[in-house]
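Asks: Output the structure for:
(2 chains)
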Amino acid sequence: MSGHPNHTAADAPRTGGSTRGFDLASLVEYTKTLECIHCGLCLTSCPTYQLTGVESSSPRGRIHLMRSVAEGDLEPDAEYADEMDFCLLCRHCETACPAGVEFGALMEHARSGLTEQMPRPPLARALRWIGFRFVLPRRRVLDLAGAALRAVQITGVERIGRWLLARAGSVVPTSPRVPKGRARRRLEPSTPADGAARGAVDVLEGCVMPVLFGRVNRATGRSLAGLGYESRPLAGVTCCGSLHAHNGDLDGARTLARRMLAAARATERDGSDPLPLVVNSAGCSAHLKELHHLFDPDDPDRAAAEELAARVYDFTEFAAPRLRRRPPERSIEGAWKGPFAYDDPCHLCHAQQIRTPPRDVLAALPGLELVPLENSEGCCGSAGIYSVLRPADSAAVLEPKLDALERSGARTLVTANPGCHLQWQAGIERRGLDVRVVHVAELVARAYDGRTTE
Amino acid sequence: MAAPSAIDETLLRALEAVVGARGIVSGHARLSTYAADGLPLFSQAPDLVVLPRDTDETARVMALLHTAGVPIAARGSGTGLTGGATPAAGGVVVSTARMRSILELAPADRRARVQAGVVNADLTTAAAAHGLFYAPDPSSQQACTIGGNVANNSGGPHCFRHGNTTRHLLGVVVVLADGEVLDLVRDSNDPVGLDLVGNFCGSEGTFGIVTEVVVKLVPVPERVETLLALFTDLDAACGAVSDLIAQRLEPSAIEVLDRLTIEAVEASVYAAGYPVDAGAVVLCDVEGTDEEVEAIATDLVRIAERNGAFEVRRAADAAERKRLWAGRKGAFGAMGRVAPDLYVADAVVPRTKLRELVRLATEICRELDLKLANVFHAGDGNLHPNISYDRRDPDEVRRVLLAGTRILEACVAAGGSITGEHGVGLEKRDHMCALFGEDDLDAMRDVRRAWDPSGRLNPDKLLPIRRCSEIHADAVTTERVVPSA
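Replies: You can find the predicted model right below:
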């Protein structure tokens, strides 16, 4: 804290040095912090500011902290690290910021800097390594983990464990329910179009999607078939690396990005135009569109990432204009109870500015009554692995959204992202509401082929 | 960090017992984010931040802080532009950010009772369901609080027709420095006896902390049209506004945006379709019945064209109107694209003199080699010369403050004032001497002492803490323009 009353900030020390051996440049992307003019228009958009009312838990406050660290005024201490971890990285503030501060990129950089320079306790570090470097990128390990979790869940071992941990005073995150083995099967190498084919697309099968939401992946294929497209899962990739980038492992994200680029290159057969890559998880589609941020301007992979970004479509974005050309005819009535409400995944509305296409998709489905959901652009608190890392905060962020859901009168909540899907399910269960959660692709598939699940 | 002398463990525990653990901010890093409001030029971190949840908690917090004898700065969202929420050294910030309940919405009475931390735009959103709105609409309305609006008697574009905050206040509940609760809510719309609510409004946190506010709500007009007149230069736009006023035209808002502002807004998420090839635009809202709107709009087009408008556009629908206004309100923040910092001056001039004072401000900034953008409430004669700068450059900071002083002095000399709506705060405290004599200021100091005999509430704000003669002497000998404690 500066000692002079009302000192002007011009007295502040310049950046470029280092505080107790920290490499400031790798801790904070300094020039991006200078875009913030301190107007405060971001405050009310921020879920953690809404929760606490505390300035340091707002985007403006966090940028101030980053800038102070970069200028050598502040040690990157535990308090600083906590405010960086508290952020949900929902990027709602980017939708509010008139100065165009790239808050998402700033936060990813700050978290990465902290991971490198402020090592966490050994156990946390080991768990991170296992999760990010060992499990997520490996299809086999993910399958085994899914099967193991399922075994723990159906035998009741999980409940005993949770009970013990809760007695020890820990807030225990709910583990997502793993469906049975049949539902976890892989996508076929190709799902043909129904009727006259309009074209073909690649789809991203994902890391946790096949384990937890195999039915959504298959519904995506059925929807694409209905739209007239043959779909093929992109071979040779598992995780896109978005969870790594969001959680301070930019190196891990870079490795996975290179793998993704190689897989994308492999699909460019016989000189024809590359196919669209359709992604049904908003967090992943957002990350894949910004993959080039991970590479320096002179890195050839940067150009390749920009080319890949041009191929990436979120499912809703791909489906909306094409539904109009081939409108589905079967009513979705009976399969899910109406009315329906749509909740915007943050990485769709804030990171990709996709707001209308999902609503257009829903409007095109026969028998679907859509009711408005207040604050549908507010974060639900899932935020990737945030709900696991900070279960209490994550649940608190969802509370006002659950109130809004109750007020909306909706019986089915529609989302377009697996994290949000799980978060809503857990919250709805906690509150004992009679509301089901569904991915938009499941509705589209049903409207085309009349099947609810496979 | 060692606990500062005035705030010991016992006091911390007592405060925490009132507001809970989440109602206390005490770490060094977190406290540093409270060092400034929307004017980062002045910065002083508090020793503690307390966030009470209602009037009762505020009263108990204030009583405890009274015993400790520490200076207190009230803070809402910290969007103020004059350093009004910047704490004094060794001070405590009492934040209303957790007091966000709309306590009562009475559409039939056209009034609402809200906690001080309710965000301005949230009140209007809630009232909209009943065909009503809250008229004062500062550009920061999506973040600023009603409590902060009361403290600064805030305005906004539509205050041209509807008047500033004080015109919409029916009552306040305030907590005084010693923790006493004063309920100044009255049932009738007309004050009986001394107008204490009016007295409190604009006191910038020096009288007490407002915890609840009762405001008037206004019916949403039958029809609203938004017109955009395009000019080749700022000078002609100012001339047109003076003419509109002289012709006694009554739109509900008259705003001017110049080219640099338009470029910044159009590059932002608030891009609204402002023409980047215009030198300046005049943005007007016209409201009323169909006939009234048509009559005013027709006159407006005629007057604008007579003053050189090369095109007058009408917003096609509500969505376009909303975009135009969102763009206008995001203008301050959008200037972050031009330079890391922005100094938003706030001065008032007679509306017949808009043209010459805007010219003069341009001249002053050119002389001092500063980048100036203009976006202002022209209808009220409320100038906002926006000067872009970088606070890391001490000489630029010096020139910015010098420009601010010269612009204010010119406005006062032309018969204007040093603030239209942002308040005086820290930034313009010493400029009060340009507007008032020492006797006037002493009378104000007496009023302030009557509300806060302890002198601990925002102690260094609003009124000069030295005699004007000393300030003048200082300014002459040292060219000092930064207020000093």
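Asks: C-alpha only now, for contacts and for neighbours.
Replies: Noted.
Asks: Now do the phi/psi pair for the residue of the stretch 151-300 of chain B found nearest chain A.
Replies: Among residues of the stretch 151-300 of chain B, the one nearest chain A by CA to the nearest CA turns out to be B:S268. It sits 5.5 Å away. Comment: the main-chain dihedrals of B:S268 come out as phi -100, psi 180, following degrees, to the nearest 10.
Asks: any idea how far B:R321 is from it?
Replies: Taking CA to CA, to the nearest Å as the measure, B:S268 falls 17 Å from B:R321.
Asks: For the two, work out which one has more neighbours and name it.
Replies: Neighbours per residue (other CA atoms under 10 Å in any protein chain shown) separate B:S268 from B:R321, with B:S268 holding more: 25 against 19.
Asks: In this structure the more buried one contacts A:A99, no?
Replies: Yes. Here B:S268 lies in contact with A:A99, judged by CA atoms under 8 Å, at a distance of 6.5 Å.
Asks: can you tell me the helix or strand for residue 262?
Replies: Looking at chain A here, since you left the chain open. helix A:250-266 (DSSP states H and E).
Asks: wait, I meant chain B there
Replies: Of the helices and strands defined by DSSP H and E, B:I262 is found in helix B:259-266.
Asks: Next, see if that helix gets close to chain A.
Replies: Yes. For a cut-off given as CA under 8 Å from any CA of the partner chain, helix B:259-266 has contacts with chain A, namely B:V265.
Asks: okay, that helix in PDB with CA atoms only?
Replies: Once non-C-alpha atoms are left out, helix B:259-266 reads as follows in PDB (Å, rounded to 0.1, in the frame of the first residue of the first chain):
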ATOM      1  CA  ARG B 259     -15.900  11.700 -34.100                       C
ATOM      2  CA  LEU B 260     -13.300  10.300 -31.800                       C
ATOM      3  CA  THR B 261     -16.000   9.100 -29.400                       C
ATOM      4  CA  ILE B 262     -18.000   7.500 -32.300                       C
ATOM      5  CA  GLU B 263     -14.900   5.700 -33.500                       C
ATOM      6  CA  ALA B 264     -14.300   4.200 -30.100                       C
ATOM      7  CA  VAL B 265     -17.900   3.200 -29.600                       C
ATOM      8  CA  GLU B 266     -18.200   1.600 -33.100                       C
END
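Asks: And it, what does it pack against?
Replies: With contacts defined as 3 or more CA pairs under 8 Å, 6 or more residues apart in numbering or on different chains; DSSP states H and E, helix B:259-266 has these neighbours: helix B:318-329, helix B:331-334, strand B:371-376.
Asks: need the next SSE after that helix, C-terminal direction.
Replies: Tracing the chain past helix B:259-266, the next element assigned as helix or strand by DSSP H and E is strand B:280-288.
Asks: What pairs with that following strand, parallel or antiparallel?
Replies: strand B:223-231 (antiparallel), strand B:253-258 (antiparallel) (DSSP bridges).
Asks: what separates the residue of chain B found nearest chain A from A:I63, distance-wise?
Replies: Each residue of chain B has a distance to chain A, by CA to the nearest CA, and the smallest belongs to B:A334, at 4.2 Å. In this structure, B:A334 lies at 16 Å from A:I63, with CA to CA as the measure.
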